[in-house]
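Peer 1: Attaching a predicted model along with its sequence, questions to come.
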Amino acid sequence: MERLRERKKRQTRDTIAAAALALFLEHGYDAVTVADVAVAADVSEKTVFNHFPAKEDLVFANSEEKLSDRAEAIRSRPPGTPIARVFEAQTMWLLDQIESGELDRMMTVPRLVRSSPALLGRLMSAWEQEAATLTAAVTDDADDLIAAAAVRSLVWAHRIVFRAAMRRLIAGDEPADVARDLRIEAERVYAQLDRGLAGYGA
(Lines give C-alpha, C1' and ligand atoms only; values in the text may rest on other atoms or scores of the structure.)
Protein backbone atom coordinates (compact mmCIF):
# COMPACT_ATOMS: atom_id res chain seq x y z
CA MET A 1 0.00 0.00 0.00
CA GLU A 2 2.90 2.32 0.80
CA ARG A 3 4.40 1.70 -2.63
CA LEU A 4 1.15 2.67 -4.33
CA ARG A 5 0.98 5.94 -2.40
CA GLU A 6 4.57 6.75 -3.25
CA ARG A 7 3.98 5.98 -6.90
CA LYS A 8 0.93 8.23 -7.03
CA LYS A 9 2.86 10.96 -5.25
CA ARG A 10 5.64 10.76 -7.81
CA GLN A 11 3.17 10.77 -10.69
CA THR A 12 1.50 13.89 -9.31
CA ARG A 13 4.87 15.57 -8.85
CA ASP A 14 5.93 14.68 -12.40
CA THR A 15 2.64 15.95 -13.81
CA ILE A 16 3.02 19.28 -12.01
CA ALA A 17 6.65 19.68 -13.09
CA ALA A 18 5.83 18.89 -16.73
CA ALA A 19 2.93 21.36 -16.76
CA ALA A 20 5.11 24.04 -15.20
CA LEU A 21 7.94 23.63 -17.70
CA ALA A 22 5.53 23.74 -20.62
CA LEU A 23 4.08 27.01 -19.33
CA PHE A 24 7.48 28.50 -18.56
CA LEU A 25 8.75 27.71 -22.05
CA GLU A 26 5.64 29.14 -23.70
CA HIS A 27 5.19 32.30 -21.61
CA GLY A 28 8.45 32.83 -19.75
CA TYR A 29 9.20 31.95 -16.14
CA ASP A 30 8.33 35.32 -14.62
CA ALA A 31 4.98 35.57 -16.42
CA VAL A 32 3.65 32.28 -15.04
CA THR A 33 2.15 32.02 -11.55
CA VAL A 34 1.81 29.00 -9.31
CA ALA A 35 -1.95 29.32 -9.81
CA ASP A 36 -1.40 28.95 -13.56
CA VAL A 37 0.62 25.79 -12.95
CA ALA A 38 -2.07 24.36 -10.68
CA VAL A 39 -4.75 24.88 -13.35
CA ALA A 40 -2.59 23.34 -16.07
CA ALA A 41 -1.80 20.30 -13.89
CA ASP A 42 -5.43 20.02 -12.70
CA VAL A 43 -4.48 20.21 -9.02
CA SER A 44 -4.89 22.77 -6.25
CA GLU A 45 -2.27 25.42 -5.46
CA LYS A 46 -1.83 23.72 -2.10
CA THR A 47 -0.90 20.48 -3.87
CA VAL A 48 1.69 22.32 -5.95
CA PHE A 49 3.26 23.80 -2.83
CA ASN A 50 3.18 20.43 -1.07
CA HIS A 51 5.47 19.08 -3.77
CA PHE A 52 7.38 22.27 -4.60
CA PRO A 53 7.74 24.68 -1.65
CA ALA A 54 8.97 27.51 -3.90
CA LYS A 55 8.19 28.43 -7.48
CA GLU A 56 11.87 28.03 -8.42
CA ASP A 57 11.67 24.37 -7.35
CA LEU A 58 9.39 23.72 -10.32
CA VAL A 59 12.29 24.40 -12.68
CA PHE A 60 14.78 22.27 -10.77
CA ALA A 61 12.49 19.29 -10.18
CA ASN A 62 14.35 16.06 -9.40
CA SER A 63 17.63 17.91 -8.91
CA GLU A 64 17.98 16.57 -5.37
CA GLU A 65 17.45 13.02 -6.59
CA LYS A 66 20.07 13.46 -9.31
CA LEU A 67 22.50 14.96 -6.81
CA SER A 68 21.92 12.01 -4.49
CA ASP A 69 22.72 9.63 -7.35
CA ARG A 70 25.96 11.49 -8.08
CA ALA A 71 27.00 11.34 -4.43
CA GLU A 72 26.27 7.61 -4.38
CA ALA A 73 28.40 7.14 -7.51
CA ILE A 74 31.32 8.64 -5.59
CA ARG A 75 30.74 6.55 -2.48
CA SER A 76 30.29 3.30 -4.41
CA ARG A 77 33.20 3.69 -6.83
CA PRO A 78 35.52 0.65 -6.97
CA PRO A 79 38.38 0.67 -4.44
CA GLY A 80 41.38 2.58 -5.72
CA THR A 81 39.36 4.63 -8.22
CA PRO A 82 40.15 8.37 -8.07
CA ILE A 83 37.06 10.57 -7.76
CA ALA A 84 38.13 12.36 -10.94
CA ARG A 85 37.17 9.26 -12.93
CA VAL A 86 33.60 9.49 -11.58
CA PHE A 87 33.26 13.09 -12.74
CA GLU A 88 34.91 12.37 -16.07
CA ALA A 89 32.50 9.49 -16.68
CA GLN A 90 29.57 11.81 -15.96
CA THR A 91 30.95 14.38 -18.40
CA MET A 92 31.41 11.80 -21.15
CA TRP A 93 27.89 10.46 -20.53
CA LEU A 94 26.58 14.01 -20.97
CA LEU A 95 28.37 14.32 -24.31
CA ASP A 96 27.00 10.92 -25.38
CA GLN A 97 23.49 12.22 -24.63
CA ILE A 98 24.13 15.30 -26.73
CA GLU A 99 25.43 13.25 -29.62
CA SER A 100 22.40 10.95 -29.49
CA GLY A 101 20.02 13.91 -29.72
CA GLU A 102 18.70 13.87 -26.13
CA LEU A 103 18.61 17.66 -26.01
CA ASP A 104 15.14 18.98 -25.23
CA ARG A 105 15.10 18.41 -21.47
CA MET A 106 18.81 19.15 -21.20
CA MET A 107 18.43 22.61 -22.71
CA THR A 108 15.18 23.58 -20.99
CA VAL A 109 16.67 24.73 -17.70
CA PRO A 110 19.59 26.72 -19.23
CA ARG A 111 17.15 28.57 -21.47
CA LEU A 112 14.91 29.46 -18.56
CA VAL A 113 17.76 30.46 -16.27
CA ARG A 114 19.20 32.79 -18.90
CA SER A 115 15.96 34.77 -18.90
CA SER A 116 15.31 35.02 -15.15
CA PRO A 117 17.43 36.68 -12.43
CA ALA A 118 15.41 34.77 -9.81
CA LEU A 119 16.36 31.44 -11.34
CA LEU A 120 19.97 32.50 -11.71
CA GLY A 121 20.12 33.27 -8.00
CA ARG A 122 18.59 29.92 -7.15
CA LEU A 123 21.08 28.17 -9.43
CA MET A 124 24.00 29.78 -7.60
CA SER A 125 22.78 28.49 -4.25
CA ALA A 126 22.17 25.06 -5.79
CA TRP A 127 25.77 24.96 -7.01
CA GLU A 128 27.07 25.46 -3.48
CA GLN A 129 24.74 22.77 -2.16
CA GLU A 130 26.02 20.46 -4.90
CA ALA A 131 29.65 21.04 -3.92
CA ALA A 132 28.91 20.51 -0.23
CA THR A 133 26.97 17.30 -0.85
CA LEU A 134 29.62 15.80 -3.11
CA THR A 135 32.41 16.78 -0.73
CA ALA A 136 30.55 14.99 2.06
CA ALA A 137 30.49 11.90 -0.16
CA VAL A 138 34.29 12.02 -0.29
CA THR A 139 35.10 12.69 3.37
CA ASP A 140 33.43 12.84 6.77
CA ASP A 141 35.78 15.63 7.80
CA ALA A 142 33.91 18.90 7.31
CA ASP A 143 37.20 20.80 7.74
CA ASP A 144 39.06 18.93 5.00
CA LEU A 145 39.92 21.83 2.71
CA ILE A 146 41.80 19.67 0.25
CA ALA A 147 38.71 17.55 -0.34
CA ALA A 148 36.57 20.67 -0.66
CA ALA A 149 38.94 22.23 -3.19
CA ALA A 150 39.33 19.01 -5.18
CA VAL A 151 35.60 18.40 -5.43
CA ARG A 152 34.87 21.98 -6.43
CA SER A 153 37.54 21.78 -9.12
CA LEU A 154 35.96 18.61 -10.51
CA VAL A 155 32.43 19.99 -10.24
CA TRP A 156 33.48 22.99 -12.28
CA ALA A 157 35.36 20.84 -14.78
CA HIS A 158 32.08 19.08 -15.52
CA ARG A 159 30.10 22.32 -15.44
CA ILE A 160 32.29 24.25 -17.87
CA VAL A 161 31.98 21.45 -20.42
CA PHE A 162 28.20 21.49 -19.96
CA ARG A 163 28.04 25.28 -20.32
CA ALA A 164 30.25 25.21 -23.41
CA ALA A 165 27.94 22.61 -24.92
CA MET A 166 24.82 24.64 -24.13
CA ARG A 167 26.29 27.79 -25.66
CA ARG A 168 27.13 26.00 -28.88
CA LEU A 169 23.83 24.14 -29.10
CA ILE A 170 21.81 27.30 -28.48
CA ALA A 171 23.88 28.98 -31.20
CA GLY A 172 22.80 26.24 -33.59
CA ASP A 173 25.88 24.01 -33.81
CA GLU A 174 25.36 20.38 -34.76
CA PRO A 175 25.15 18.09 -31.69
CA ALA A 176 27.60 15.58 -33.16
CA ASP A 177 30.18 18.34 -33.74
CA VAL A 178 29.69 19.71 -30.24
CA ALA A 179 30.10 16.27 -28.66
CA ARG A 180 33.19 15.45 -30.74
CA ASP A 181 34.98 18.71 -29.99
CA LEU A 182 34.14 18.76 -26.30
CA ARG A 183 35.23 15.16 -25.70
CA ILE A 184 38.72 16.28 -26.72
CA GLU A 185 38.53 19.37 -24.51
CA ALA A 186 37.12 17.39 -21.57
CA GLU A 187 39.96 14.88 -21.79
CA ARG A 188 42.44 17.76 -21.71
CA VAL A 189 40.70 19.36 -18.72
CA TYR A 190 40.67 16.18 -16.64
CA ALA A 191 44.25 15.34 -17.65
CA GLN A 192 45.36 18.77 -16.40
CA LEU A 193 43.57 18.22 -13.11
CA ASP A 194 45.23 14.81 -12.79
CA ARG A 195 48.64 16.43 -13.24
CA GLY A 196 47.84 19.20 -10.79
CA LEU A 197 48.53 22.91 -11.11
CA ALA A 198 52.24 22.93 -10.33
CA GLY A 199 53.80 25.38 -12.75
CA TYR A 200 50.54 26.03 -14.60
CA GLY A 201 50.41 29.58 -15.95
CA ALA A 202 54.05 30.30 -15.12
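Peer 2: It's in.
Peer 1: residues touching the residue nearest the centre of the chain, list them.
Peer 2: The chain has residue 63 as the residue nearest its centroid, 6.3 Å off, counting by Cα atoms, centre = their mean. By Cβ atoms under 8 Å, 6 or more residues apart in numbering, the contact set of residue 63 is residue 126. No exception for glycine: its C-beta is placed from N, CA and C like everyone else's.
Peer 1: Any regions of this protein where pLDDT drops low?
Peer 2: The chain contains residues with pLDDT under 70 at 1-2, 102-105, 199-202.
Peer 1: Would you map the helices across it?
Peer 2: Taking DSSP state H, the helices of the chain run over residues 2-27, 34-41, 45-51, 63-75, 83-99, 104-114, 117-138, 145-170, 175-195.
Peer 1: Redo these as CSV? Include distance to residue 57.
Peer 2: Below are the helices of the chain laid out as CSV (distance: least, Cβ to Cβ, whole Å):
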stretch, distance to residue 57
helix 2-27, 9
helix 34-41, 10
helix 45-51, 8
helix 63-75, 9
helix 83-99, 23
helix 104-114, 12
helix 117-138, 8
helix 145-170, 21
helix 175-195, 29
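Peer 1: circling back to that earlier point, and the residue nearest to the centre of the chain, how far from residue 129?
Peer 2: 9 Å (Cβ to Cβ, to the nearest Å).
Peer 1: Then residue 196?
Peer 2: Note on residue 196: its distance to residue 129, by Cβ to Cβ, is 27 Å.
Peer 1: Name the residue in those two with the higher neighbour count.
Peer 2: Neighbour comparison, residue 196 and residue 129: the larger count goes to residue 129, with 12 against 8 (by other Cβ atoms under 10 Å).
Peer 1: where does residue 40 sit relative to residue 51, distance-wise?
Peer 2: Distance of residue 40 to residue 51, given as Cβ to Cβ: 14 Å.
Peer 1: quick one, what contacts residue 20?
Peer 2: Counted by Cβ under 8 Å, 6+ apart, residue 20 has contacts 32, 37, 40, 41, 52, 58, 59, 61.
Peer 1: Can you give the domain ranges for this protein?
Peer 2: As assigned by automatic domain parsing, the chain contains the domains 2-58, 63-195.
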